[in-house]
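Engineer: Structure of the sequence below:
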Amino acid sequence: MFFSVKRSLSFIGWLRYWLFDRNYNVTIRAIFIGACFAFSAMTAILGRDIDLTSFNSIVKTLLPMMLMGGMVIAIFMYRNGQTTALAILILSTLVHDGISTGTGTKLTFTFLFLILWSGVWLFKRAVVERNFKINQALPNWPIVLFSIVVIISYVWSGTFVEESASFVFAQKSLVRLMTAMILIVSPLTLVLFANAIRSETGFKVFVWWIIVLGLAMATMRLTLGKVPEPLNARGQFPTWFTAFAFGQFVFNKNLRWYIKLILLVGIALWGQITLGLGLNWLSGWLPIVLVIAVLLAFYSRKLFIFAIMCVVIFGVINIDFVKRQIGGESSESGSTRSTAWARAFGVVGKHFLFGAGPAGYEYYFEAYGYYNGLVGTADLSHNNYIDIIAQTGVVGFTLWVMLWGGQGLMIWKLYRKRIDDPFLCALKYSLVACYPATLLAMMLGDWVTPFPYTQTLFGFDYTIWAWMISGLAIALYHYTPKTQLSDLTFVSQGTAA
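Structural biologist: You can find the predicted model right below:
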(Lines give C-alpha, C1' and ligand atoms only; values in the text may rest on other atoms or scores of the structure.)
Protein backbone atom coordinates (compact mmCIF):
# COMPACT_ATOMS: atom_id res chain seq x y z
CA MET A 1 0.00 0.00 0.00
CA PHE A 2 2.86 2.36 0.85
CA PHE A 3 4.48 1.84 -2.55
CA SER A 4 1.10 2.30 -4.26
CA VAL A 5 0.59 5.68 -2.57
CA LYS A 6 4.18 6.64 -3.36
CA ARG A 7 3.67 5.79 -7.07
CA SER A 8 0.46 7.85 -7.10
CA LEU A 9 2.21 10.85 -5.58
CA SER A 10 5.05 10.45 -8.06
CA PHE A 11 2.59 10.44 -10.95
CA ILE A 12 0.85 13.56 -9.60
CA GLY A 13 4.21 15.27 -9.21
CA TRP A 14 5.22 14.32 -12.74
CA LEU A 15 1.86 15.50 -14.09
CA ARG A 16 2.18 18.82 -12.29
CA TYR A 17 5.72 19.27 -13.61
CA TRP A 18 4.75 18.40 -17.18
CA LEU A 19 1.56 20.52 -17.29
CA PHE A 20 2.36 23.56 -15.17
CA ASP A 21 6.13 23.82 -14.76
CA ARG A 22 7.21 22.89 -18.27
CA ASN A 23 4.15 23.67 -20.42
CA TYR A 24 2.29 26.26 -18.34
CA ASN A 25 1.13 28.51 -21.19
CA VAL A 26 -0.06 25.62 -23.36
CA THR A 27 -1.92 24.04 -20.45
CA ILE A 28 -3.70 27.27 -19.52
CA ARG A 29 -4.72 27.85 -23.12
CA ALA A 30 -6.02 24.29 -23.44
CA ILE A 31 -8.03 24.61 -20.21
CA PHE A 32 -9.47 27.93 -21.33
CA ILE A 33 -10.39 26.69 -24.82
CA GLY A 34 -11.91 23.53 -23.37
CA ALA A 35 -13.95 25.55 -20.89
CA CYS A 36 -15.25 27.78 -23.69
CA PHE A 37 -16.40 24.75 -25.68
CA ALA A 38 -17.98 23.21 -22.57
CA PHE A 39 -19.86 26.37 -21.59
CA SER A 40 -21.03 26.89 -25.18
CA ALA A 41 -22.31 23.32 -25.35
CA MET A 42 -24.12 23.69 -22.02
CA THR A 43 -25.74 26.92 -23.23
CA ALA A 44 -26.88 25.21 -26.44
CA ILE A 45 -28.39 22.31 -24.49
CA LEU A 46 -30.17 24.53 -21.99
CA GLY A 47 -31.36 26.83 -24.80
CA ARG A 48 -33.55 24.13 -26.28
CA ASP A 49 -36.16 24.63 -23.56
CA ILE A 50 -35.80 28.39 -23.11
CA ASP A 51 -38.92 30.42 -22.39
CA LEU A 52 -38.31 33.96 -23.63
CA THR A 53 -41.18 35.26 -21.50
CA SER A 54 -39.58 33.99 -18.27
CA PHE A 55 -36.67 35.88 -16.74
CA ASN A 56 -35.61 32.87 -14.68
CA SER A 57 -35.53 30.69 -17.80
CA ILE A 58 -33.37 33.20 -19.66
CA VAL A 59 -30.94 33.48 -16.73
CA LYS A 60 -30.77 29.69 -16.43
CA THR A 61 -29.92 29.39 -20.13
CA LEU A 62 -27.28 32.12 -20.12
CA LEU A 63 -25.70 31.06 -16.83
CA PRO A 64 -22.89 29.00 -18.48
CA MET A 65 -21.99 31.97 -20.69
CA MET A 66 -22.03 34.25 -17.65
CA LEU A 67 -19.65 31.85 -15.91
CA MET A 68 -17.38 31.94 -18.93
CA GLY A 69 -17.46 35.74 -18.85
CA GLY A 70 -16.56 35.61 -15.18
CA MET A 71 -13.61 33.35 -15.98
CA VAL A 72 -12.39 35.83 -18.60
CA ILE A 73 -12.61 38.64 -16.07
CA ALA A 74 -10.79 36.52 -13.49
CA ILE A 75 -7.93 35.91 -15.93
CA PHE A 76 -7.73 39.64 -16.62
CA MET A 77 -7.64 40.35 -12.88
CA TYR A 78 -4.90 37.77 -12.45
CA ARG A 79 -2.62 39.57 -14.88
CA ASN A 80 -3.59 43.23 -14.34
CA GLY A 81 -3.77 44.16 -10.67
CA GLN A 82 -3.45 47.94 -11.01
CA THR A 83 -5.95 48.18 -13.87
CA THR A 84 -8.36 46.02 -11.88
CA ALA A 85 -8.07 48.28 -8.84
CA LEU A 86 -8.73 51.43 -10.86
CA ALA A 87 -11.58 49.77 -12.77
CA ILE A 88 -13.30 48.80 -9.52
CA LEU A 89 -12.88 52.35 -8.20
CA ILE A 90 -14.48 53.72 -11.37
CA LEU A 91 -17.23 51.09 -11.21
CA SER A 92 -18.10 52.07 -7.63
CA THR A 93 -18.65 55.69 -8.68
CA LEU A 94 -20.49 55.10 -11.95
CA VAL A 95 -22.69 52.07 -11.27
CA HIS A 96 -24.35 52.11 -7.85
CA ASP A 97 -26.44 49.04 -8.53
CA GLY A 98 -26.35 45.31 -8.07
CA ILE A 99 -28.20 42.01 -7.88
CA SER A 100 -31.26 41.83 -5.67
CA THR A 101 -31.13 39.36 -2.79
CA GLY A 102 -34.88 39.34 -2.23
CA THR A 103 -34.38 40.82 1.25
CA GLY A 104 -34.83 44.50 0.40
CA THR A 105 -31.17 45.12 -0.45
CA LYS A 106 -28.75 44.38 -3.27
CA LEU A 107 -25.33 42.84 -3.64
CA THR A 108 -23.58 45.61 -5.54
CA PHE A 109 -21.45 44.95 -8.60
CA THR A 110 -18.52 46.55 -6.79
CA PHE A 111 -18.89 44.05 -3.96
CA LEU A 112 -19.15 41.08 -6.35
CA PHE A 113 -16.09 42.15 -8.35
CA LEU A 114 -14.08 42.64 -5.18
CA ILE A 115 -15.04 39.14 -4.02
CA LEU A 116 -13.88 37.75 -7.38
CA TRP A 117 -10.64 39.76 -7.27
CA SER A 118 -9.98 38.64 -3.70
CA GLY A 119 -10.39 35.02 -4.72
CA VAL A 120 -8.11 35.44 -7.75
CA TRP A 121 -5.49 37.24 -5.67
CA LEU A 122 -5.50 34.58 -2.96
CA PHE A 123 -5.31 31.81 -5.58
CA LYS A 124 -2.34 33.52 -7.24
CA ARG A 125 -0.53 33.94 -3.92
CA ALA A 126 -1.30 30.60 -2.31
CA VAL A 127 -1.43 28.19 -5.26
CA VAL A 128 0.60 29.64 -8.12
CA GLU A 129 3.33 31.74 -6.49
CA ARG A 130 3.10 29.92 -3.14
CA ASN A 131 4.18 32.97 -1.17
CA PHE A 132 2.58 36.03 0.36
CA LYS A 133 5.31 38.55 -0.39
CA ILE A 134 3.37 41.79 -0.16
CA ASN A 135 4.20 45.33 0.86
CA GLN A 136 4.97 45.34 4.54
CA ALA A 137 2.33 47.22 6.50
CA LEU A 138 1.32 47.15 10.14
CA PRO A 139 -2.40 46.55 9.40
CA ASN A 140 -1.69 43.31 7.49
CA TRP A 141 -1.73 40.85 10.39
CA PRO A 142 -4.66 42.52 12.22
CA ILE A 143 -6.64 42.24 8.97
CA VAL A 144 -5.88 38.51 8.68
CA LEU A 145 -6.76 37.87 12.33
CA PHE A 146 -9.86 40.08 12.19
CA SER A 147 -11.13 38.12 9.17
CA ILE A 148 -10.67 34.87 11.08
CA VAL A 149 -12.52 36.32 14.08
CA VAL A 150 -15.43 37.36 11.81
CA ILE A 151 -15.75 33.75 10.63
CA ILE A 152 -15.56 32.47 14.23
CA SER A 153 -18.12 35.07 15.30
CA TYR A 154 -20.51 34.02 12.54
CA VAL A 155 -20.36 30.36 13.58
CA TRP A 156 -20.21 31.08 17.32
CA SER A 157 -23.20 33.44 17.31
CA GLY A 158 -25.32 30.98 15.35
CA THR A 159 -24.37 28.11 17.65
CA PHE A 160 -24.76 29.83 21.02
CA VAL A 161 -27.74 31.99 20.19
CA GLU A 162 -30.22 32.92 22.90
CA GLU A 163 -33.53 31.11 22.70
CA SER A 164 -35.56 34.30 22.27
CA ALA A 165 -33.59 35.22 19.12
CA SER A 166 -32.92 31.76 17.65
CA PHE A 167 -35.81 31.93 15.16
CA VAL A 168 -34.66 35.31 13.77
CA PHE A 169 -31.05 34.12 13.49
CA ALA A 170 -32.14 31.07 11.49
CA GLN A 171 -34.38 33.19 9.28
CA LYS A 172 -31.69 35.79 8.54
CA SER A 173 -28.80 33.46 7.71
CA LEU A 174 -28.23 35.02 4.26
CA VAL A 175 -28.06 38.57 5.65
CA ARG A 176 -25.65 37.42 8.36
CA LEU A 177 -23.46 35.67 5.77
CA MET A 178 -23.36 38.69 3.45
CA THR A 179 -22.54 40.99 6.38
CA ALA A 180 -19.69 38.68 7.39
CA MET A 181 -18.33 38.76 3.84
CA ILE A 182 -18.45 42.57 3.82
CA LEU A 183 -16.55 42.65 7.13
CA ILE A 184 -13.86 40.48 5.51
CA VAL A 185 -13.74 41.94 2.00
CA SER A 186 -13.59 45.57 3.20
CA PRO A 187 -10.24 45.27 5.08
CA LEU A 188 -8.91 42.94 2.40
CA THR A 189 -9.52 45.75 -0.11
CA LEU A 190 -6.93 47.78 1.79
CA VAL A 191 -4.37 45.02 1.17
CA LEU A 192 -5.35 44.68 -2.48
CA PHE A 193 -5.00 48.39 -3.25
CA ALA A 194 -1.81 48.67 -1.18
CA ASN A 195 -0.18 46.11 -3.47
CA ALA A 196 -1.89 46.86 -6.78
CA ILE A 197 -1.10 50.56 -7.32
CA ARG A 198 2.52 50.56 -8.44
CA SER A 199 2.99 53.53 -10.79
CA GLU A 200 2.57 57.28 -10.79
CA THR A 201 -0.04 56.85 -13.50
CA GLY A 202 -2.08 54.70 -11.14
CA PHE A 203 -1.97 57.35 -8.41
CA LYS A 204 -2.92 60.07 -10.88
CA VAL A 205 -5.86 58.15 -12.33
CA PHE A 206 -7.18 57.45 -8.82
CA VAL A 207 -6.95 61.08 -7.67
CA TRP A 208 -8.02 62.88 -10.81
CA TRP A 209 -10.93 60.52 -11.36
CA ILE A 210 -12.33 61.47 -7.95
CA ILE A 211 -11.70 65.17 -8.60
CA VAL A 212 -13.11 65.36 -12.14
CA LEU A 213 -16.12 63.21 -11.36
CA GLY A 214 -16.67 65.14 -8.13
CA LEU A 215 -16.80 68.42 -10.04
CA ALA A 216 -19.34 66.96 -12.46
CA MET A 217 -21.47 65.50 -9.66
CA ALA A 218 -21.46 68.73 -7.66
CA THR A 219 -22.69 70.59 -10.74
CA MET A 220 -25.42 68.00 -11.28
CA ARG A 221 -26.47 68.18 -7.65
CA LEU A 222 -26.91 71.96 -7.72
CA THR A 223 -28.49 72.21 -11.18
CA LEU A 224 -30.66 69.06 -11.21
CA GLY A 225 -31.28 68.83 -7.47
CA LYS A 226 -29.69 65.39 -7.26
CA VAL A 227 -26.98 63.17 -8.73
CA PRO A 228 -28.77 60.91 -11.26
CA GLU A 229 -28.73 57.16 -10.69
CA PRO A 230 -26.72 55.02 -10.97
CA LEU A 231 -23.95 57.58 -10.35
CA ASN A 232 -22.68 57.41 -6.80
CA ALA A 233 -21.74 60.44 -4.70
CA ARG A 234 -23.08 59.15 -1.41
CA GLY A 235 -21.49 58.60 1.94
CA GLN A 236 -18.25 60.49 2.51
CA PHE A 237 -17.57 61.20 -1.17
CA PRO A 238 -17.55 65.01 -0.55
CA THR A 239 -14.88 64.47 2.12
CA TRP A 240 -12.60 62.43 -0.13
CA PHE A 241 -13.11 64.87 -3.00
CA THR A 242 -12.23 67.80 -0.74
CA ALA A 243 -9.13 66.03 0.62
CA PHE A 244 -7.72 65.37 -2.85
CA ALA A 245 -8.78 68.67 -4.42
CA PHE A 246 -7.61 70.90 -1.55
CA GLY A 247 -4.37 68.94 -1.22
CA GLN A 248 -3.55 69.55 -4.89
CA PHE A 249 -4.67 73.18 -4.58
CA VAL A 250 -2.34 73.89 -1.68
CA PHE A 251 0.71 71.70 -2.28
CA ASN A 252 0.96 70.98 -6.02
CA LYS A 253 3.11 73.85 -7.27
CA ASN A 254 3.01 72.60 -10.86
CA LEU A 255 -0.74 73.20 -11.27
CA ARG A 256 -1.75 76.16 -13.37
CA TRP A 257 -3.72 78.92 -11.68
CA TYR A 258 -6.96 78.23 -13.55
CA ILE A 259 -6.90 74.54 -12.51
CA LYS A 260 -6.44 75.62 -8.90
CA LEU A 261 -9.37 78.00 -9.31
CA ILE A 262 -11.54 75.15 -10.62
CA LEU A 263 -10.53 72.98 -7.65
CA LEU A 264 -11.44 75.79 -5.26
CA VAL A 265 -14.83 76.20 -6.95
CA GLY A 266 -15.48 72.46 -6.61
CA ILE A 267 -14.67 72.55 -2.90
CA ALA A 268 -17.01 75.52 -2.48
CA LEU A 269 -19.79 73.69 -4.32
CA TRP A 270 -19.56 70.60 -2.13
CA GLY A 271 -19.35 72.83 0.93
CA GLN A 272 -22.58 74.49 -0.10
CA ILE A 273 -24.22 71.12 -0.73
CA THR A 274 -23.24 69.60 2.62
CA LEU A 275 -24.01 72.73 4.65
CA GLY A 276 -27.31 72.99 2.80
CA LEU A 277 -28.32 69.70 4.40
CA GLY A 278 -28.07 71.42 7.78
CA LEU A 279 -25.42 72.03 10.41
CA ASN A 280 -27.05 69.43 12.64
CA TRP A 281 -26.01 66.71 10.15
CA LEU A 282 -22.45 66.42 11.43
CA SER A 283 -21.56 63.52 9.14
CA GLY A 284 -21.96 65.81 6.16
CA TRP A 285 -19.72 68.75 6.99
CA LEU A 286 -17.52 67.93 10.00
CA PRO A 287 -15.17 65.47 8.19
CA ILE A 288 -14.77 68.05 5.40
CA VAL A 289 -13.85 70.74 7.91
CA LEU A 290 -11.37 68.34 9.50
CA VAL A 291 -9.48 67.55 6.28
CA ILE A 292 -9.31 71.23 5.38
CA ALA A 293 -8.04 72.07 8.88
CA VAL A 294 -5.35 69.36 8.74
CA LEU A 295 -4.16 70.46 5.31
CA LEU A 296 -4.12 74.10 6.39
CA ALA A 297 -2.05 73.16 9.44
CA PHE A 298 0.48 71.40 7.20
CA TYR A 299 0.65 74.35 4.84
CA SER A 300 0.83 77.25 7.30
CA ARG A 301 0.38 77.30 11.05
CA LYS A 302 -0.31 81.01 10.96
CA LEU A 303 -3.08 80.53 8.41
CA PHE A 304 -4.47 77.64 10.45
CA ILE A 305 -4.54 79.73 13.65
CA PHE A 306 -6.17 82.60 11.74
CA ALA A 307 -8.88 80.24 10.45
CA ILE A 308 -9.52 78.94 13.99
CA MET A 309 -9.84 82.50 15.27
CA CYS A 310 -12.36 83.32 12.53
CA VAL A 311 -14.46 80.28 13.48
CA VAL A 312 -14.34 81.25 17.18
CA ILE A 313 -15.33 84.83 16.43
CA PHE A 314 -18.22 83.63 14.24
CA GLY A 315 -19.37 81.33 17.05
CA VAL A 316 -19.27 84.13 19.64
CA ILE A 317 -21.17 86.55 17.41
CA ASN A 318 -23.79 83.93 16.52
CA ILE A 319 -23.97 82.14 19.87
CA ASP A 320 -27.75 81.75 19.76
CA PHE A 321 -27.58 80.16 16.32
CA VAL A 322 -24.88 77.73 17.49
CA LYS A 323 -26.93 76.77 20.56
CA ARG A 324 -29.96 76.04 18.38
CA GLN A 325 -27.91 73.83 16.05
CA ILE A 326 -26.33 71.91 18.91
CA GLY A 327 -29.74 71.49 20.53
CA GLY A 328 -31.19 70.26 17.24
CA GLU A 329 -28.43 67.68 16.86
CA SER A 330 -28.93 66.49 20.44
CA SER A 331 -32.69 66.17 20.13
CA GLU A 332 -32.56 64.61 16.64
CA SER A 333 -29.97 61.90 17.13
CA GLY A 334 -27.91 62.39 20.29
CA SER A 335 -30.34 60.88 22.81
CA THR A 336 -31.52 58.05 20.56
CA ARG A 337 -27.95 57.08 19.69
CA SER A 338 -26.82 57.07 23.29
CA THR A 339 -29.76 54.81 24.11
CA ALA A 340 -28.86 52.50 21.24
CA TRP A 341 -25.20 52.41 22.35
CA ALA A 342 -26.19 51.47 25.89
CA ARG A 343 -28.42 48.69 24.63
CA ALA A 344 -25.71 47.45 22.24
CA PHE A 345 -23.28 47.24 25.16
CA GLY A 346 -25.98 45.31 27.00
CA VAL A 347 -25.91 42.72 24.20
CA VAL A 348 -22.10 42.66 24.30
CA GLY A 349 -22.25 42.00 28.04
CA LYS A 350 -24.01 38.71 27.30
CA HIS A 351 -21.84 37.87 24.29
CA PHE A 352 -18.54 39.24 25.48
CA LEU A 353 -15.96 37.21 23.58
CA PHE A 354 -17.07 37.15 19.93
CA GLY A 355 -20.12 39.40 20.04
CA ALA A 356 -23.57 38.79 18.62
CA GLY A 357 -22.19 37.91 15.20
CA PRO A 358 -22.49 39.79 11.90
CA ALA A 359 -25.73 41.83 11.98
CA GLY A 360 -26.60 39.93 15.17
CA TYR A 361 -27.29 42.67 17.69
CA GLU A 362 -30.21 43.89 15.57
CA TYR A 363 -31.94 40.54 16.18
CA TYR A 364 -31.38 40.78 19.92
CA PHE A 365 -32.88 44.27 19.84
CA GLU A 366 -35.98 42.66 18.32
CA ALA A 367 -35.93 39.77 20.78
CA TYR A 368 -35.57 42.09 23.79
CA GLY A 369 -38.51 44.21 22.66
CA TYR A 370 -36.58 47.40 21.96
CA TYR A 371 -38.87 48.06 18.99
CA ASN A 372 -41.99 47.59 21.06
CA GLY A 373 -43.90 50.78 21.76
CA LEU A 374 -44.50 49.74 25.38
CA VAL A 375 -40.78 49.43 26.04
CA GLY A 376 -39.62 52.30 23.90
CA THR A 377 -37.95 52.52 20.53
CA ALA A 378 -34.24 52.73 19.92
CA ASP A 379 -32.39 53.45 16.71
CA LEU A 380 -29.36 51.39 15.82
CA SER A 381 -25.91 52.65 16.73
CA HIS A 382 -24.95 54.53 13.54
CA ASN A 383 -21.40 54.13 14.81
CA ASN A 384 -18.82 51.78 13.33
CA TYR A 385 -16.98 51.32 16.63
CA ILE A 386 -20.17 50.20 18.38
CA ASP A 387 -21.11 48.04 15.40
CA ILE A 388 -17.77 46.21 15.45
CA ILE A 389 -17.72 45.47 19.18
CA ALA A 390 -21.39 44.42 19.10
CA GLN A 391 -20.84 42.09 16.14
CA THR A 392 -17.39 40.64 16.86
CA GLY A 393 -17.00 41.16 20.61
CA VAL A 394 -13.96 42.30 22.52
CA VAL A 395 -11.64 40.06 20.47
CA GLY A 396 -12.77 41.52 17.17
CA PHE A 397 -12.80 45.08 18.48
CA THR A 398 -9.26 44.74 19.83
CA LEU A 399 -8.06 43.67 16.39
CA TRP A 400 -10.07 46.51 14.83
CA VAL A 401 -8.23 49.01 17.04
CA MET A 402 -4.90 47.36 16.17
CA LEU A 403 -5.80 47.56 12.48
CA TRP A 404 -6.49 51.30 12.53
CA GLY A 405 -3.69 51.96 15.01
CA GLY A 406 -1.29 50.22 12.63
CA GLN A 407 -2.68 52.26 9.77
CA GLY A 408 -2.03 55.40 11.82
CA LEU A 409 1.63 54.45 12.20
CA MET A 410 1.84 53.83 8.44
CA ILE A 411 0.36 57.28 7.88
CA TRP A 412 3.00 58.74 10.21
CA LYS A 413 5.73 56.99 8.21
CA LEU A 414 4.23 58.32 4.98
CA TYR A 415 4.13 61.83 6.44
CA ARG A 416 7.83 61.67 7.30
CA LYS A 417 8.82 60.32 3.88
CA ARG A 418 10.37 62.86 1.55
CA ILE A 419 8.56 63.03 -1.80
CA ASP A 420 9.87 65.50 -4.36
CA ASP A 421 7.25 65.11 -7.08
CA PRO A 422 4.69 67.95 -6.61
CA PHE A 423 1.66 65.79 -7.40
CA LEU A 424 2.72 62.90 -5.18
CA CYS A 425 3.75 65.27 -2.40
CA ALA A 426 0.29 66.87 -2.48
CA LEU A 427 -1.26 63.39 -2.50
CA LYS A 428 0.80 62.48 0.56
CA TYR A 429 -0.69 65.31 2.58
CA SER A 430 -4.19 64.50 1.31
CA LEU A 431 -3.87 60.87 2.42
CA VAL A 432 -2.55 61.93 5.81
CA ALA A 433 -5.61 64.20 6.22
CA CYS A 434 -7.94 61.37 5.17
CA TYR A 435 -6.86 59.21 8.12
CA PRO A 436 -8.34 61.32 10.98
CA ALA A 437 -11.39 61.98 8.79
CA THR A 438 -11.90 58.22 8.52
CA LEU A 439 -11.66 57.78 12.30
CA LEU A 440 -14.15 60.61 12.76
CA ALA A 441 -16.52 59.22 10.14
CA MET A 442 -16.62 55.89 12.00
CA MET A 443 -17.80 57.79 15.07
CA LEU A 444 -20.49 59.74 13.21
CA GLY A 445 -22.01 56.80 11.35
CA ASP A 446 -21.40 53.44 9.72
CA TRP A 447 -19.43 55.09 6.90
CA VAL A 448 -16.59 52.53 6.81
CA THR A 449 -18.49 49.22 7.02
CA PRO A 450 -22.23 49.33 6.25
CA PHE A 451 -24.60 47.84 8.80
CA PRO A 452 -27.34 45.92 6.93
CA TYR A 453 -30.21 47.60 8.81
CA THR A 454 -29.00 51.21 8.49
CA GLN A 455 -26.96 51.77 5.31
CA THR A 456 -28.01 48.30 4.08
CA LEU A 457 -25.56 46.13 2.18
CA PHE A 458 -26.16 48.51 -0.74
CA GLY A 459 -24.01 51.04 1.13
CA PHE A 460 -20.88 49.00 0.41
CA ASP A 461 -20.27 51.06 -2.74
CA TYR A 462 -19.45 54.18 -0.74
CA THR A 463 -18.05 52.74 2.48
CA ILE A 464 -15.38 50.91 0.45
CA TRP A 465 -13.71 54.21 -0.54
CA ALA A 466 -12.22 54.59 2.95
CA TRP A 467 -10.47 51.23 2.52
CA MET A 468 -9.30 52.03 -1.02
CA ILE A 469 -7.81 55.33 0.16
CA SER A 470 -6.14 53.62 3.13
CA GLY A 471 -4.57 51.09 0.77
CA LEU A 472 -3.48 53.92 -1.52
CA ALA A 473 -1.58 55.48 1.40
CA ILE A 474 0.41 52.29 1.97
CA ALA A 475 1.05 51.97 -1.77
CA LEU A 476 2.41 55.53 -1.86
CA TYR A 477 4.66 54.85 1.13
CA HIS A 478 6.25 51.90 -0.68
CA TYR A 479 6.38 53.62 -4.07
CA THR A 480 9.76 54.77 -5.36
CA PRO A 481 9.65 56.82 -8.58
CA LYS A 482 11.74 55.50 -11.46
CA THR A 483 13.52 58.84 -11.72
CA GLN A 484 14.81 58.41 -8.17
CA LEU A 485 15.97 54.90 -8.96
CA SER A 486 17.86 56.09 -12.05
CA ASP A 487 19.39 58.95 -10.08
CA LEU A 488 20.61 56.55 -7.42
CA THR A 489 22.08 54.31 -10.08
CA PHE A 490 23.87 57.26 -11.68
CA VAL A 491 25.26 58.40 -8.32
CA SER A 492 26.48 54.89 -7.44
CA GLN A 493 28.15 54.53 -10.84
CA GLY A 494 29.83 57.95 -10.48
CA THR A 495 31.08 57.03 -7.02
CA ALA A 496 32.50 53.74 -8.29
CA ALA A 497 34.27 55.54 -11.11
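
Engineer: Need phi/psi at Ile31.
Structural biologist: When quoted as degrees, to the nearest 10, the phi and psi of Ile31 stand at phi -60, psi -40.

Engineer: Neighbours of it, how many?
Structural biologist: By the criterion of other Cβ atoms under 10 Å, Ile31 has 12 neighbours. Every C-beta, even on glycine, is put in place using the N, C-alpha and C of the backbone.

Engineer: So that it lines up with my notes, have the first residue be 39 from now on.
Structural biologist: Okay, using 39 as the starting number, the last item reads as Ile69.

Engineer: residues touching it, list them.
Structural biologist: Contacts of Ile69 were listed using Cβ atoms under 8 Å, 6 or more residues apart in numbering, and none were found.

Engineer: pLDDT score assigned to it?
Structural biologist: At Ile69, the model reports a pLDDT of 75.

Engineer: now the one 3 residues further on
Structural biologist: For Gly72, the pLDDT comes out at 79.

Engineer: And Gly443, by the same measure?
Structural biologist: Per-residue pLDDT puts Gly443 at 98.

Engineer: tally of neighbours for Val165?
Structural biologist: By the criterion of other Cβ under 10 Å, Val165 has 8 neighbours.

Engineer: Am I right that it sits in a strand?
Structural biologist: No. Val165 is assigned helix when assessed by DSSP: H, G, I helix; E, B strand; the rest coil, not a strand.

Engineer: can you pull the contacts of Leu127?
Structural biologist: Leu127 sits next to 244, 247, 506 when contact means Cβ under 8 Å, 6+ apart.

Engineer: host element of it?
Structural biologist: Per DSSP states H and E, Leu127 falls inside helix 119-132.

Engineer: Report the residue spans of the stretch 189-338 of the chain with pLDDT below the cut-off.
Structural biologist: For the stretch 189-338 of the chain, residues meeting the criterion pLDDT under 70 lie at 315-318.

Engineer: Show me the helices in it, by range?
Structural biologist: For the stretch 189-338 of the chain, the helices defined by DSSP state H, counting those that start in this stretch occupy 204-209, 211-234, 238-262, 275-289, 295-314, 320-337.

Engineer: how big is the angle separating the fifth one from helix 275-289?
Structural biologist: Per axes from the mean of the first three to the mean of the last three Cα atoms, to 10 degrees, the angle that helix 295-314 makes with helix 275-289 is 150 degrees.

Engineer: of the helices of the stretch 189-338 of the chain, which approaches Ile83 most closely?
Structural biologist: Minimum separation from Ile83 across those (Cβ to Cβ) falls at helix 211-234, 30.1 Å.

Engineer: now for the closest one, which elements pack on it?
Structural biologist: Of the remaining helices and strands, those touching helix 211-234 by 3 or more Cβ pairs under 8 Å, 6 or more residues apart in numbering; DSSP states H and E are helix 119-132, helix 147-161, helix 178-197, helix 422-454, helix 498-516.

Engineer: Turn these into a markdown table, columns for distance to Ala256.
Structural biologist: Listed next are the helices and strands packed on helix 211-234 as a markdown table, based on distance: least, Cβ to Cβ, whole Å:
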| stretch | distance to Ala256 |
| --- | --- |
| helix 119-132 | 13 |
| helix 147-161 | 22 |
| helix 178-197 | 34 |
| helix 422-454 | 26 |
| helix 498-516 | 16 |
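
Engineer: Which among those is found nearest to Val64?
Structural biologist: helix 147-161 (20.0 Å).

Engineer: Using neighbour counts, pick out the buried residues of the closest one.
Structural biologist: 147-149, 151-156, 158-159 (16 or more other Cβ atoms under 10 Å).

Engineer: Tell me the one among those residues nearest to Val329.
Structural biologist: Val329 lies nearest to Thr148 out of these, by Cβ to Cβ, at 23.5 Å.

Engineer: Report pLDDT for that closest one.
Structural biologist: Reading off the confidence values, Thr148 has pLDDT 96.

Engineer: and what of the one 5 residues further on?
Structural biologist: At Ile153, the pLDDT value in this model is 96.

Engineer: In contact with it, which residues?
Structural biologist: Shown in contact with Ile153 (Cβ under 8 Å, 6+ apart): 219, 223.

Engineer: So what's the residue count around Pro225?
Structural biologist: Pro225: 25 surrounding residues under other Cβ under 10 Å.

Engineer: List the contacts of the most centrally placed residue in the chain.
Structural biologist: Among the residues of the chain, the one closest to the centroid is Ile502, at 2.1 Å (Cα atoms, centre = their mean). Applying Cβ under 8 Å, 6+ apart, we find Ile502 in contact with 130, 148-149, 152, 224, 227.

Engineer: Over to Gly304?
Structural biologist: 249, 252-253, 256, 279, 283.

Engineer: Same list, the contacts of Leu127, but as JSON lines with neighbour count and distance to Gly407 please.
Structural biologist: As requested, the contacts of Leu127 are exported to JSON lines (neighbours: other Cβ atoms under 10 Å; distance: Cβ to Cβ, whole Å):
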{"residue": "Phe244", "neighbour count": "23", "distance to Gly407": "47"}
{"residue": "Trp247", "neighbour count": "16", "distance to Gly407": "48"}
{"residue": "Met506", "neighbour count": "24", "distance to Gly407": "40"}
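
Engineer: could these go into CSV alongside distance to Tyr55?
Structural biologist: Converted to CSV, the contacts of Leu127 look like this (distance: Cβ to Cβ, whole Å):
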residue, distance to Tyr55
Phe244, 41
Trp247, 44
Met506, 40
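
Engineer: From the residues you listed, pick the one nearest Ala73.
Structural biologist: For the contacts of Leu127, the minimum distance to Ala73 (Cβ to Cβ) is 31.5 Å, reached by Met506.

Engineer: thought the closest one was touching Thr227?
Structural biologist: Yes. Contact criterion Cβ atoms under 8 Å: Met506 and Thr227 qualify, at 6.2 Å.

Engineer: so where is the stretch 39-188 of the chain shaky, pLDDT-wise?
Structural biologist: In the predicted model, the stretch 39-188 of the chain carries pLDDT under 70 at residues 39-49, 58, 62, 84, 86, 89-100, 140-141.

Engineer: ok, back up a step: from the contacts of Ile502, which two are the most distant?
Structural biologist: Longest distance between any two of the contacts of Ile502 is 12.4 Å, between Ser130 and Ser224; criterion Cβ to Cβ.

Engineer: re earlier: pick the most deeply packed of the helices and strands packed on helix 211-234.
Structural biologist: When you average the neighbours per residue for each of those (mean count of other Cβ atoms under 10 Å), helix 498-516 leads with a mean of 25.

Engineer: Averaged pLDDT, it. What do you get?
Structural biologist: Here the average pLDDT along helix 498-516 is 97.

Engineer: now that helix against helix 178-197, angle please.
Structural biologist: Calculated by the same axes, to 10 degrees, helix 498-516 forms an angle of 150 degrees with helix 178-197.

Engineer: if we can go back for a sec, most neighbours per residue, which of the helices of the stretch 189-338 of the chain?
Structural biologist: Compared across these, helix 275-289 shows the largest average neighbour count, a mean of 25 (mean count of other Cβ under 10 Å).
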